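> output the structure for:
(chains A and B)
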Amino acid sequence: MAKHGGWAGKVLRVDLSTGRISTEDTIEKYKDFLGGTGIGYKVIWDEVPIGTKPFDPANKVVFGVGPLAGTGAPCNGRTAVTTLWPTCWPKPLVASGHMGGHFAAELKYAGFDAIIIEGRADRPVWLQVADGKVEIKDARRLWGQGIRRTTVEINQQMGPEASVAAIGQAGENLVPMSVVMNSYSHSAGGIGGVMGSKNLKAIGVRGTGSVRIAGNKGEWEKVVKLHLSLLGSVNQHVVPNSPQPWAEYYGVTRWVGSRGRKWGAAEPSIETGECDPRNLNRISYRTNNAVFFLGEKAWQYTVRGNGCTSCPIRCHTMLKVPAVSSKYGIPAVGQNTCAGLILGRDFFKAFPDGPMGQTAIEACMVGMHLADDLGIWENYGQMQRDFKELYYNGTIKNKVGENEFKSYSWDKYEKGDPSFLFELLTRIADKEGELATALGLGTGYHLERWGIPEQEWQKDQKVAYWKMGHPKHHSNEDAGQCGVIINTQYNRDAQCHSHVNFTRNGLPIEVQKRLAAEIWGSSDAVDALAAYTPMNISKAKMAKWSLLRKELHDSLSLCNWMGPWIASPLKERDYRGDDSIESLLYSLATGDKKSREELDKVAERIFLLHRALTIRYMETKEMRAQHDTVPDWVFTDPASKASFTQGTNRMDKEDIKLAMDMYYEEMGWDKKTGSPTAAAYRKLGLGNVADELAKRGLLP
Amino acid sequence: MSPENEKHEILERTRNYVDGNHLFSRREFLLISGVMVVAVSSLEARGAKETPLIIMDQAKGLVIADPTKCVGCRRCELACTEFNDGKASPTIARIKVRRNLNFGPKGLDTGQRGQGNWGNGLVIQDLCKQCPHPVPCANACPNDAIVVSPTTRARVVDPNKCTGSKMCLRACPWEMLSFDTDTNKATKCFLCDGNPKCVEACPSEALSYVAWRDLTDKAPPRVIPTAVVPPEKAQTCNDCHKK
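Take a look at the predicted model:
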C-alpha cells in the first residue's frame, strides 16, 4: 500500500525510442506539485530542451492525475495532459489538455499517478498498463482505424473494464487540431498529433487496486457529503432556470431539470422533477447540456446523462435520434458535452428549420459521430468560426484551387445540410487538400499560411479570437476585467472556470456581492453581467484566486468546469458554499494536512512554474508586451456603446492597463515586464527556477 | 408455527427448487457443477459446532436497481468501499457497475450495439441477491465463514473465520463476491447493517433498499460456478433431503 493516502505512489515513464519502461516515486519527486498539470509542468521544465518542437521525439507528453482522482470526492474524473502545444502560435509553448471519463480513476487503480511518454517508437505501438504491468504493444493493425474501432479492439485484449485513451486518423496524420479520447466521448484537444508523432496509437489502462483514504473514514464521509450538498448543476449554477417550489430564484442557467421535463428516450421516459437541492439522490437530473445547447427539443431525444467517474453532475448527455440512422447511416445514439456536442452544428451559418431545430440536432449527431472517431479537435469552436468567416468572406474560394473548391458541395453547406460534414471532417483528418490541411493547423498557423494578419482576427468580436492561435474562453463577457486578465495568462484558450462558475451561477447580483465580499474582501469584485464598473483591487484578487484554483483543480484532479464551490443552492446557508472544500478533501485523502491558504500556495507554485516555462520557451521576459495581450475587439461594442454602460461588455484600454498593473502587483510580479521576480519564485520554493532564468537573463 | 411445521414448509420449498419450474432446476449446469446440492440442516441442530452451517433464514431486505436510471458515475461503488473500508476500490465494491459500464454484461460479444456507454446506454448494476437457501457462497465455504447478520439477516463474511480460500468467489453465479488483497479476505454485500451506503450515494435514484424478495430466478447468471460443496456439508444436504 502507498505511504500516503490519495496518491498511487508511482509515476510511470515510458521511452518509446528505446522501449525502456521505468517508475519514479511520486511523493519523493512530485509531491510539491501535487499531480496533474503540476507533474506535467515539472517534467517539461526539467527535461524538455528549449527549441523542441511539439512533434519532435524530445517533446514529452505527461498524462497526469492527482491525489483525489479515483476517490469518491465529487467531480474528480479529469486527466490533465501536458506537452509543448502544437497549435500555440507563432511558437509552441507549454499547455495542457483535459479529458474526463474513467481514465483518471483507472490509472490510479492500476497504480500510477502519471504517465510520462517520451521519444518516438519506430513503428506504431500502443501502451498497455494493467495493474502495474506495462507493455509496449504492436499497433500496426490498429493504425488507420478510428478511435471507436481502436478502443474496442484494445478492450478485447484487456477486458471490457479497461479505459482506453486513443487517437484517430487525425492524430496519426499529425494534424495539430486533433484529440486523444477515452470513454467514448471524453477528449483532450491538441494531444492527438503529439501522440501520432510518437507513433503511439493508444494507452489502455486497467487496474484492480485501490486509492487509500488516509483520514478517518467517518470524517471523509462527512466531507464528501458536505461537498455533495453544495453542488449545483453543471458549471456550479446554483439556481434553476425555471420556477421551482423550493427555489427563491430562477435565472438563465444550466440547471434545466424540472417537473414536466423528461429524459424522453429513456424506456420508459423519466421525469427530471423538482430537483430539490436537499435531495442528494436527484442531483443527476438537474443538468442536461444537450437541452441547454440544443433547446427544448433535445428532451425527447435524451436517454440519460453521462460523465466521469464519481461525478453526480452528468454534463455529457446521451442522445438517441433515430432519424439519423436512415438519413446519414450513423448510429442513433451519440453523446458529448458543450463544444464537442455542438461541433457539427457550428460549422453552419443557418439551417432550414432554425438554430434550435431538428436539422441542427442532426448536425450535432453527425459531427460527434465523425469528429469523435477521426479524433478532430475544434479548439473551443474556433475552427468552425474560422471556417464560416473564411467561406462567407470569399477567402476559401480564393485560397484553394478551383478543382478543390468544386469538389465540395457548397450548395449543401449553404442550405445547412449536415451531410456536408462527411466531406469536410474526413478531409481534415486526412490532410486532404489545401482547405482541410489549413483548418487542421489551428488558427494561428492557418492565418499565417494564408497570409492573413492575426490583427484581422483580433478585430472581430464574432470570431471570438484572442491570441496565440486560440480563442477567448470566458473573458469580459462573463467577468469583465477579471475575465480579461485570465485570458491573457495561458498559451492556448484559458480553460479557467473559477470566475465564470461564480458570475453565471444564477444568484442575483446582491447575493453574489455579499458572497464576493467574504471571499475577495469587497463586494466590488463582481459586477452584474454587461454592467461593468472600472477596475479595482478586489477584481485583481478574484483573478488571482481564479487562476490558482484552476491550477489546483487541474493538479488535484477536481473538475474546474464544476468548481470552485463558493456558492451553493442552499438558502439556509445564505447561498454560501465552502472555499475550503479542496483543502478538506486533500487533507483527509492524503493525510498531509494543509489549510486552504497552504494549498493555495502549492497552487501558486504550480502556476508560477507554468509562467516560468512560458518565459523560458518564449526567450523573453517581456511578458506584458509580448504575451499578456488583449485583442482589439474587447475594446469595441457592436452598437458602439461606451465602456461601463449598461448592456455592453466593452472594456476600456486604460482601465485594462490598470487591471494588469493591479494583477501583477497582487501576484508579486514586476509590473513593467509582467514577469515574476526572483523573490516571487523563491518564496514558493522555486529558487532553482529563478537561478536558471537569471542565467538566461529572463528575470525582471 | 411449530418447528416441525416449519421444517416441513422448508422442505416443501426446497423441493420446489429441485422439481418445480425454477431457474435452478432448469439450469442443469448448476447441478452438474455440484454447487446446488441442496441441503437443510435440522433446525434443532442449527449453530451446533459439529454441524456445518447451512443458512436457512431469508434476508430481511435487499438492494434493487433500475438500469434505466443509472448514469454510470459509480458513486455507489465508491461509497461502498470508502465509507466501509476506508479506500476507493471498485474491485471490492459489493455493487458492481464498472464491469458492465462500457459494453454491458455480455462484454464485447455484442459489440457496439450492446448495452452500456458504448451501446444503448443501459447500465446494469450487479447486486447481491442475498440468496435464499441454498446459499451458494455460504455453502461453498469450507470454514463456514459466510454467516447470517443478526440485524438484516444478510449473508456476510465473518473475517475472523475467512481464510481467503476464494471458494465463495467461485460459487456465486453472479460473481458478487470479491477478494480484498489488502486483507486477504473475501467480502460481499452486508447491506451496511440496514442502511446501504450505495443507495444513499446514488445521485439518480436508481437504487432502492426494499423488503427481500427472491431475484435468483430473475437475473441470468454471469458465470457457471465451479466451487464444490465441502463433503461434510454435502452429507448434511443428503441427511435432510433423503426421501
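
> could you list the low-pLDDT ranges of the chain?
Unless you meant another one, I'm taking chain A. Within chain A, the stretches with pLDDT under 70 are A:1-3.

> wait, I meant chain B there
For chain B, the stretches with pLDDT under 70 are B:1-50, B:110-113, B:243.

> again, only using 50
Applying pLDDT under 50 to chain B flags residues B:1-48.

> quick one: the helices in it, in order.
Counting by DSSP state H, residue ranges of the helices within chain B are B:3-19, B:23-26, B:28-32, B:75-85, B:98-101, B:136-140, B:167-171, B:197-201, B:231-241.

> extract the C-alpha set from the last one and format it as PDB.
Extracted in PDB, the C-alpha atoms of helix B:231-241 (Å, rounded to 0.1, in the frame of the first residue of the first chain):
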ATOM      1  CA  PRO B 231     -18.200 -33.200   1.900                       C
ATOM      2  CA  GLU B 232     -19.400 -32.600   5.400                       C
ATOM      3  CA  LYS B 233     -21.900 -30.100   4.100                       C
ATOM      4  CA  ALA B 234     -22.900 -32.300   1.300                       C
ATOM      5  CA  GLN B 235     -23.600 -35.000   3.900                       C
ATOM      6  CA  THR B 236     -25.900 -32.600   5.700                       C
ATOM      7  CA  CYS B 237     -27.700 -32.000   2.500                       C
ATOM      8  CA  ASN B 238     -28.300 -35.600   2.000                       C
ATOM      9  CA  ASP B 239     -29.400 -36.100   5.500                       C
ATOM     10  CA  CYS B 240     -32.100 -33.600   5.200                       C
ATOM     11  CA  HIS B 241     -33.300 -34.300   1.700                       C
END
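
> count the neighbours of the closest residue to chain B within the stretch 51-200 of chain A for me.
Nearest to chain B in the stretch 51-200 of chain A, going by CB to the nearest CB, is residue A:72, at a distance of 3.5 Å. C-betas here are computed from N, CA, C, even on glycine. Using other CB atoms under 10 Å in any protein chain shown, residue A:72 is surrounded by 30 other residues.

> what's near enough to touch it?
Residues near residue A:72 by CB atoms under 8 Å, 6 or more residues apart in numbering or on different chains: A:220, A:224, A:310, B:75, B:78-79, B:82, B:88, B:201.

> please redo it, this time with the cut-off set to 7 Å
Residues near residue A:72 by CB atoms under 7 Å, 6 or more residues apart in numbering or on different chains: A:224, A:310, B:75, B:78-79, B:82, B:88.

> separation between the nearest residue to it once chain neighbours are set aside and residue A:385?
If the residues on either side of it in the chain are set aside, residue A:72 comes closest to residue B:78, at 3.5 Å by CB to CB, 6 or more residues apart in numbering or on different chains. Distance, residue B:78 to residue A:385, using CB to CB, to the nearest Å: 40 Å.

> who has more neighbours, the two?
Ranked by neighbour count (other CB under 10 Å), residue B:78 and residue A:385 place residue B:78 first, with 29 against 22.

> what's the neighbour count on the residue of the stretch 551-700 of chain A found nearest chain B?
Closest approach between the stretch 551-700 of chain A and chain B, counting by CB to the nearest CB: residue A:589, at 9.1 Å. Number of residues near residue A:589 (other CB under 10 Å) recorded here: 30.

> and the angle for the helix or strand hosting it with helix B:75-85?
Using DSSP states H and E, the element containing residue A:589 is helix A:581-590. On the basis of axes from the mean of the first three to the mean of the last three CA atoms, to 10 degrees, helix A:581-590 is oriented at 60 degrees to helix B:75-85.

> just want the angle from the next helix or strand after helix A:581-590 to helix A:581-590.
Reading on from helix A:581-590 to the C-terminus, the next helix or strand found by DSSP H and E is helix A:596-618. With the same axes, to 10 degrees defining the directions, helix A:596-618 sits at 100 degrees from helix A:581-590.

> other SSEs contacting the helix or strand that helix A:596-618 is followed by?
Next helix or strand after helix A:596-618 toward the C-terminus (DSSP H and E): helix A:623-626. Packing partners of helix A:623-626 (3 or more CB pairs under 7 Å, 6 or more residues apart in numbering or on different chains; DSSP states H and E): none among the helices and strands.

> from the chain's centre, how far out does helix A:623-626 sit?
24 Å (CA atoms, centre = their mean, to the nearest Å).

> tell me the one among the contacts of residue A:72 nearest to residue A:676.
Minimum distance to residue A:676 across the contacts of residue A:72 is 35.0 Å, recorded for residue A:310 (CB to CB).

> so who does that closest one touch?
By CB under 7 Å, 6+ apart, the contact set of residue A:310 is A:72-74, A:76-77, B:73-75, B:78.
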